[in-house]
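Q: Sharing a sequence plus its predicted fold:
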Amino acid sequence: MMRAKDRLIIVAAGCSLPAVFLLGLEFASRNGWVNPTFLPAPSAIFATFAQIILTGAFFAPLVHTLTLLFVGYSIGCIAAISLGVLMGYSRAIYNLFEPLTELIRPIPKPALLPALILFLGLGAPMEITIVALGSFFPVLINTVQGVRAVDPVMIDTARTFGHKSPAVWRRILLPASAPYVLAGMRISLGLALLLVVTSEMLSGNGGLGDAILSAQRSFLVKESYAWLIVLALVGLVLTAIFNWTEKRVAFWQAPQAQ
Amino acid sequence: MSVTALHQVSPAPQGARLSIDKIGKVFTGPSGGSVKAIDGVTLNVEPGEFLAIVGPSGCGKSTLLQVIAGLMSPSSGAVRLGAQDVTGEPAHMVYLFQQYGKSLLPWMSVAENVMFSFRHRIVMTRSAARARCDEYLAMVGLLDFADHYPWQLSGGMQQRVAIARALAAEPKVLLMDEPFSSVDALTRLDLHALILDLWTAKRFTAVLVTHDVDEAIFLADRVAVLTHRPASISEVIDTNLPRPRLSIETRESPNFLALRHRLLAHLLARPGGAAHDAR
């Protein structure tokens, strides 16, 4: 166990690096070492950021992005878990779907955007679809592995007490594979955020991705960076929520590994 | 029932005779080859009897027990409990696994694990279920750990939870697959005494598969010796040791030692036995 004092030193050292970085940018920008039009001083960016927050301007784009993210991510994860459980459980179903999923999985998802725009236009349906598609595959692969890794002893335990198939699924297969599913959902969350921003930039009708790109196109460079900070915070908060949830859903994993 | 009740007069044996009738099991490999694991095993276990099945490792004794439990279907022959054929998982038989670490579900507390064995079968209030759970946890001395998780307990404690869970289902037949082989030697002696206490109190039929000759003699009324793979019965021996059996005294009695000698000689003499493996 690390002593509190040692931990404090490490945390302080870790925090000092971003501070040094920001200070460096501030100097570079003020002294004209970089073009201040392209890279305004962090202090100026933070002032703009504060304005966005205080005027409530952040609200609409944030809600737009989070809604698309939530809907697309949920659809992707639920579909992937459903199919993944079936594919993990049954060889036949796995063999049926594996060629199809292996065909689509390796395609970098942004490459599908032009086709999706043709079919779905530039609105929310296209954005939600691409987020769902991106979220789908990591969760699918992990769920298949997770279900396969369930120890037969666990399933036989349920059977010997006379639990029928639905109960075995709900009470054994799902919780036992949950840590794997969550590992996949963690990867998907990052991908979902990436895709929602990319598709918003392409659509240009709202959201944080649109805000970043529109500001840059209007030469509102400070605003563009300020929106980037909002996006970074969104990522930070989402990761924190995810960690919190994971610790509670798969609470038996960490202590068991010790 | 409280812990002290274990030492009161035991009830009459419950349940029906377990008949294992010419069981055979052949495994077919993916390449089409087949392996005969069990070859015509016939055994009758009377209600309330404690039967041990010993055999060299890899002889197919676990397979035999899984067939008896209905977890695996036999290639030939049949298992009957009373007049009923065993197909699927019979309601009155419970299988106790060697790997308590995998059999106890880590996302359920000790109490939830125990209730997992009976709650779905019986319509009962939460408090009634908890009372039954507590009764069995008290019998194995783990009432204070009801709200712990299995991974917070030692190996011996985990196997006691598994035993409490198996018995909380109130089976007529308890099938035990080397349940004491993954705990340390002292804990094992402790669990032997515990299982005999519980068996005396509840009078279920017990079938124990083990490779430990001492364990088989100490616990059982009869010991069935299996041959090397494919498993068949080579001998069934009555232990005829008085009950209650005492952890130290019984194991030092001349009769115990004579049985031990006979069984070990029998197991080691055969080609393909343990002595053969050691070469």
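A: Arrived safely. Note that the structure is a prediction, hence the values are computed from the model and not measured.

Q: Just the pLDDT for residue B:185.
A: Predicted confidence (pLDDT) for residue B:185: 89.

Q: And for it, the neighbour number?
A: Using other C-beta atoms under 10 Å in any protein chain shown as the criterion, residue B:185 is surrounded by 8 other residues. Bear in mind the C-beta positions are built from the backbone N, C-alpha and C, glycine included.

Q: Look up how far chain A lies from it.
A: Counting by C-beta to the nearest C-beta, to the nearest Å, the gap between residue B:185 and chain A amounts to 24 Å.

Q: out of everything not next to it in sequence, what's closest to residue B:20?
A: Nearest residue to residue B:20, sequence neighbours excluded (C-beta to C-beta, 6 or more residues apart in numbering or on different chains): residue B:43, at 4.3 Å.

Q: wait, is the one you found part of a helix?
A: No: read with DSSP: H, G, I helix; E, B strand; the rest coil, residue B:43 is strand and lies in no helix.

Q: Which residues of chain A lie near chain B?
A: A:151, A:153-154, A:156-163, A:167, A:171-172, A:175-176, A:178, A:251-252, A:255-256 (C-beta under 8 Å from any C-beta of the partner chain).

Q: Go ahead and confirm residue B:55 touches residue B:63.
A: No: Residue B:55 sits out of contact with residue B:63 when judged by C-beta atoms under 8 Å, with a separation of 10.8 Å.

Q: sorry, back to before: list the contacts for the residue nearest to residue B:20?
A: Residues near residue B:43 by C-beta atoms under 8 Å, 6 or more residues apart in numbering or on different chains: B:19, B:20, B:51, B:53, B:224, B:233, B:236.

Q: counting contacts, what elements does whichever helix or strand residue B:63 is part of pack onto?
A: Remark: residue B:63 resides in helix B:61-68, with elements defined by DSSP states H and E. For helix B:61-68, the packing partners by 3 or more C-beta pairs under 8 Å, 6 or more residues apart in numbering or on different chains; DSSP states H and E come out as strand B:18-28, strand B:34-45, strand B:50-54, strand B:93-96, strand B:173-177, strand B:205-210.

Q: Restrict the fifth one to CA atoms and write it as CSV.
A: So that's strand B:173-177. Provided in CSV are the C-alpha atoms of strand B:173-177 (Å, rounded to 0.1, in the frame of the first residue of the first chain):
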residue,chain,number,x,y,z
VAL,B,173,-30.2,-37.7,-3.0
LEU,B,174,-27.0,-35.7,-2.6
LEU,B,175,-24.3,-36.5,-5.3
MET,B,176,-20.9,-35.4,-4.3
ASP,B,177,-18.0,-35.1,-6.9
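
Q: Which positions in the helix or strand that it is followed by come out as buried?
A: Once the chain leaves strand B:173-177, the next helix or strand it forms, by DSSP H and E, is helix B:185-202. Within helix B:185-202, the residues scored as buried using 16 or more other C-beta atoms under 10 Å in any protein chain shown are B:187-192, B:194-202.

Q: Residue A:108: which of those residues is nearest?
A: residue B:187 (55.7 Å; C-beta to C-beta).

Q: gap between the helix or strand harbouring residue A:179 and the chain center?
A: In this assignment (DSSP H and E), residue A:179 forms part of helix A:174-203. Put simply, helix A:174-203 sits 4 Å off its chain's centre (C-alpha atoms, centre = their mean, to the nearest Å).

Q: same for it, what does it pack against?
A: helix A:59-89, helix A:113-120, helix A:124-148, helix A:208-217, helix A:221-249.

Q: Recalculate using a threshold of 6 Å.
A: Here helix A:174-203 touches helix A:59-89, helix A:124-148, helix A:208-217, helix A:221-249, going by 3 or more C-beta pairs under 6 Å, 6 or more residues apart in numbering or on different chains; DSSP states H and E.

Q: how much space between residue B:170 and chain A?
A: 11 Å.

Q: Contact partners for the residue most central in space within chain B?
A: With distances taken as C-alpha atoms, centre = their mean, residue B:176 lies nearest the centre of chain B, 1.7 Å away. Counting by C-beta atoms under 6 Å, 6 or more residues apart in numbering or on different chains, residue B:176 touches B:96, B:208.

Q: ok, now residue B:178?
A: Here residue B:178 is in contact with B:98, B:210 (criterion: C-beta under 6 Å, 6+ apart).

Q: re the thing from before, among the residues of chain A next to chain B, the buried ones, what's the ChimeraX command?
A: A single ChimeraX command selects the buried members of these (16+ other C-beta under 10 Å):
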select /A:153,154,156,157,158,159,160,161,162,163,171,172,175,176,178,252
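
Q: Looking at the residues of chain A next to chain B, which are in helices?
A: A:153-154, A:156-160, A:167, A:175-176, A:178, A:255-256 (DSSP state H).

Q: Helix, strand or coil: sort out residue B:144 for me.
A: helix.

Q: Now residue A:208. Nearest residue, chain neighbours left out?
A: Closest residue in space to residue A:208, ignoring its immediate chain neighbours: residue A:65 at 4.5 Å, by C-beta to C-beta, 6+ apart.

Q: returning to that earlier point: who's the residue nearest to the centre of chain B bridged to?
A: residue B:96, residue B:208 (DSSP bridges).

Q: and whichever residue of the stretch 151-279 of chain B sits closest to chain A, how many neighbours?
A: Of all residues in the stretch 151-279 of chain B, residue B:151 sits closest to chain A, at 4.7 Å by C-beta to the nearest C-beta. For residue B:151, the count of nearby residues is 15 (other C-beta under 10 Å).

Q: And for residue B:42?
A: Neighbour count for residue B:42, taken as other C-beta under 10 Å: 12.

Q: now residue A:96
A: Neighbour count for residue A:96, taken as other C-beta under 10 Å: 12.

Q: Tell me which other helices or strands the host helix or strand of it touches.
A: According to DSSP H and E, residue A:96 maps onto helix A:91-104. Here helix A:91-104 touches helix A:59-89, going by 3+ C-beta pairs under 6 Å, 6+ apart.

Q: For the helix it packs on, the averaged confidence score.
A: Helix A:59-89 comes out at a mean pLDDT of 96.

Q: Excluding sequence neighbours, find me the nearest residue to residue B:266.
A: residue B:225 (6.0 Å).

Q: would TSV of the helices and strands packed on helix A:174-203 with mean neighbour count be doable?
A: What follows is those, written out as TSV (neighbours: other C-beta atoms under 10 Å in any protein chain shown):
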stretch	mean neighbour count
helix A:59-89	20
helix A:124-148	24
helix A:208-217	20
helix A:221-249	16
